[in-house]
Structure formats: structure tokens, C-alpha cells
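Student: Quick one, what's the 3D model for this:
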Amino acid sequence: MRKASLAEAKAHLSALVDEAEHHKRRTLILRHGKPVAAIVPIDVAVPPKPHLSKVEIERLFAGLGSTAPQESAVEDLLSGRR
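Tutor: As a prediction, the model looks like this:
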């Protein structure tokens, strides 16, 4: 992990962000020689959401039940206006 003073980070912020984005490089920001922040790739800061498997998706849809196939959502909504 690279270390940079706050002044250096301010002067080269765009380059540090590019390094994190394109090269997955992390930079520790120091103030008076002590770590205070970090510039990290987005997948480190915000982990990706897990994807559902095909089986899990099918189970979700199966759990929703079914409606009469001849009724559309629009017809269902309009019939509720009466």
C-alpha cells in the first residue's frame, strides 16, 4: 500500500484515484505522519451485491403464486376503479 501525505494527496488526487480505479492500488493518506484516510478501489469500499442463482430466482417466482393468465395488470387496475 502506498503512503502519501495529505499535501501530496491534494496535489495528486486525480492520479491517486486513477491508480485505485485502473490498477486497484490503495493509498493511505497521512496527516502529521499518522494514517487518517485511504483511497481504495470501489469494490473494497462498497462490496458488490450477491447475485441470486437461477434456482433461487425460480423459487422466488414460484412463491409469488400465479394470477389468471387472461387478466392483464392494466385490466386488474381498471377493474378496481369501479
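Student: now residue 38, nearest residue through space, not along the chain?
Tutor: Using CB to CB, 6 or more residues apart in numbering and skipping the chain neighbours, the partner closest in space to residue 38 is residue 28 (5.3 Å). (Glycine included, C-beta is placed from N, CA and C.)
Student: what helix or strand does the one you found sit in?
Tutor: Assigned by DSSP states H and E, residue 28 falls within strand 27-31.
Student: strand partners of that strand, parallel vs antiparallel please.
Tutor: strand 2-5 (parallel), strand 34-39 (antiparallel) (DSSP bridges).
Student: Tabulate the CA atom coordinates of that strand in PDB.
Tutor: The C-alpha trace of strand 27-31 is given here as PDB (Å, rounded to 0.1, in the frame of the first residue of the first chain):
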ATOM      1  CA  THR A  27      -3.200   4.700  -0.900                       C
ATOM      2  CA  LEU A  28      -3.000   5.500   2.800                       C
ATOM      3  CA  ILE A  29      -3.300   9.300   3.500                       C
ATOM      4  CA  LEU A  30      -1.200  10.600   6.400                       C
ATOM      5  CA  ARG A  31      -1.600  13.800   8.400                       C
END
